[in-house]
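Visitor: Give the three-dimensional model of this entry:
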Amino acid sequence: MASSLRIPLLLFLILGLPTFYSASDGDVAEWLSWNVRKYRGRAALQAQAVVDWKLRRAEAKRVVKRVSQDGTGDYTSISAALDSIPLFNIGRVVLSIGPGIYREKIQVPVSLPFVTFLGDPANPPTITGNDTASVLGRGGKPLKTFQSATVAISARYFIAANIKFENTAPHEVGFVGGQAVALRISGTKAAFYNCSFIGAQDTLYDHKGLHYFNNCFIQGSVDFIFGYGRSLYENCYLNSVAKKVASLTAQKRTNASLESGFSFKNSTVSGSGLVYLGRAWGDYSRVVFSYSFMDNIVLPQGWSDWGDQRRDSRVFYGEYKCSGPGANTTGRVPWARTLTDEEAEPFLGTYFVDGDTWIVSP
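Guide: Numbering: from 1, shown residues only. The predicted model follows:
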């Protein structure tokens, strides 16, 4: 019976289902070749792709709900507006959020897909909180990093534009439990436009799923972009406020078959604190920077294996045509990669996140 359940590779790619490849530690060249071939197959399909039919239906059923603290909208809080949305809605619900500071802990559950947070680009609203991993929650137990988020998105097809997500808890060097997430994105097919993510330790939890960030400002100190996500960051500004040497990313790819990884394109790395571009939270951590400006805050070594040398032959840390004083690869760790045109190709467009089928404007 199992033989009758074969699904062609073409269908896997169209549906965005995972395909797998497992490379041995020394088989990097073959892995790179497979990755490029896979990208080309996906790109060819997406050239003919149609928008995800669930998304197309949702966009046709778009409704707008206005949130304003001064009482001129439909709701005075974001939480109240979310509560008004029917469970498992099939239409796009745009929450047009007025200017102001919203002191709310927001959760968008799996049961609320197709939600958009839309702010005014001239005066974006701020959603703020100050929970940390060590704060006691219900039952007197610590929240831990996962639950520390000011805003947590578990739903699919989420969009945010012109919103500031903030966690004001400071980073205290040496303090245990200071992780303080501004936003956690756990839902797949999520896009963020012109948003700011402000925090210190663990600002943006790019937890899992396909994500696209465009023209976003991300500020933090330690591991301030981290998680399992497969995400493209395009035209983003990454601002380090580290008080001691820290890491910009901590990407957690735990085996060679996971298609997760972070790609940063046309972005800027700057700020006041020295950083590694990434450190290996997972044994097969994958991060690529392309066409990006790196200021002198980037350490010459560039990358960290988090003290586990076994990861040196497994991680995939690449740079491609970057500029600035921090982009000098002379002092890089020997296991970092300066990518060729062919090797960089899979990471340079929205096809990296299968975006041609689901990325829509806000």
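
Visitor: make it CA atoms for all contacts and neighbour counts henceforth
Guide: OK.

Visitor: can you pull the contacts of the nearest residue to Gly137 once chain neighbours are set aside?
Guide: Once flanking residues are discounted, Gly137 sits nearest to Leu143: 5.4 Å by CA to CA, 6 or more residues apart in numbering. Leu143 makes contact with 132-137 under the criterion CA atoms under 8 Å, 6 or more residues apart in numbering.

Visitor: Name the nearest of those relative to Asn214.
Guide: Thr132 (27.0 Å; CA to CA).

Visitor: Are we agreed that the closest one is in a helix?
Guide: No: assigned with DSSP: H, G, I helix; E, B strand; the rest coil, Thr132 falls outside any helix and is coil.

Visitor: mind pulling up the phi and psi values for it?
Guide: Backbone geometry at Thr132, expressed as degrees, to the nearest 10, gives phi -130, psi 170.

Visitor: what helix or strand does the nearest residue to it once chain neighbours are set aside sit in?
Guide: Spatially, and ignoring its direct neighbours in sequence, Thr132 is nearest to Ala180 (4.4 Å; CA to CA, 6+ apart). Counting by DSSP states H and E, there is no helix or strand that carries Ala180.

Visitor: what about Ala180, how many residues close to it?
Guide: Neighbourhood size, Ala180 [other CA atoms under 10 Å]: 34.

Visitor: again, but for Ser361
Guide: Using other CA under 10 Å, Ser361 has 10 other residues around it.

Visitor: where in the stretch 101-250 of the chain is pLDDT low?
Guide: The stretch 101-250 of the chain contains residues with pLDDT under 70 at 174.

Visitor: run the last query once more with 80
Guide: 172-176 (pLDDT under 80).

Visitor: And the helices in it?
Guide: With DSSP state H, counting those that start in this stretch as the criterion, the stretch 101-250 of the chain has helices at 144-147.

Visitor: Contacts only, for Phe352.
Guide: Contacts of Phe352 by CA under 8 Å, 6+ apart are 39, 230-232, 346.

Visitor: who wins for most neighbours among the contacts of Leu143?
Guide: For the contacts of Leu143, the largest number of neighbours (other CA under 10 Å) sits with Thr132, at 29 neighbours.

Visitor: Test my guess that that one contacts Ala169.
Guide: Yes: using CA atoms under 8 Å, Thr132 is in contact with Ala169, at 6.9 Å.

Visitor: what about the strands in the stretch 251-362 of the chain?
Guide: Assigned by DSSP state E, counting those that start in this stretch, the strands in the stretch 251-362 of the chain fall at 261-265, 268-271, 275-279, 286-290, 293-294, 303-304, 316-320, 337-338.

Visitor: Compare those strands and report which one is nearest to Val115.
Guide: strand 261-265 (23.9 Å).

Visitor: Sheet partners, orientation included, of that closest one?
Guide: Paired neighbours of strand 261-265 in the sheet (DSSP bridges): strand 230-234 (parallel), strand 286-290 (parallel).

Visitor: Could you take the ones you listed and lay them out as JSON lines, with extra columns for distance to Ala149 and mean neighbour count?
Guide: Compiled in JSON lines, the strands paired with strand 261-265 are given as follows (distance: least, CA to CA, whole Å; neighbours: other CA atoms under 10 Å):
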{"stretch": "strand 230-234", "distance to Ala149": "19", "mean neighbour count": "25"}
{"stretch": "strand 286-290", "distance to Ala149": "23", "mean neighbour count": "26"}
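
Visitor: want to try JSON lines for those strands, with distance to Val115 as columns?
Guide: Formatted as JSON lines, the strands paired with strand 261-265 follow (distance: least, CA to CA, whole Å):
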{"stretch": "strand 230-234", "distance to Val115": "19"}
{"stretch": "strand 286-290", "distance to Val115": "29"}
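
Visitor: circling back to that earlier point, in CSV, list the strands of the stretch 251-362 of the chain along with mean pLDDT.
Guide: Formatted as CSV, these follow (pLDDT from 0 to 100):
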stretch, mean pLDDT
strand 261-265, 98
strand 268-271, 98
strand 275-279, 96
strand 286-290, 97
strand 293-294, 98
strand 303-304, 96
strand 316-320, 97
strand 337-338, 96
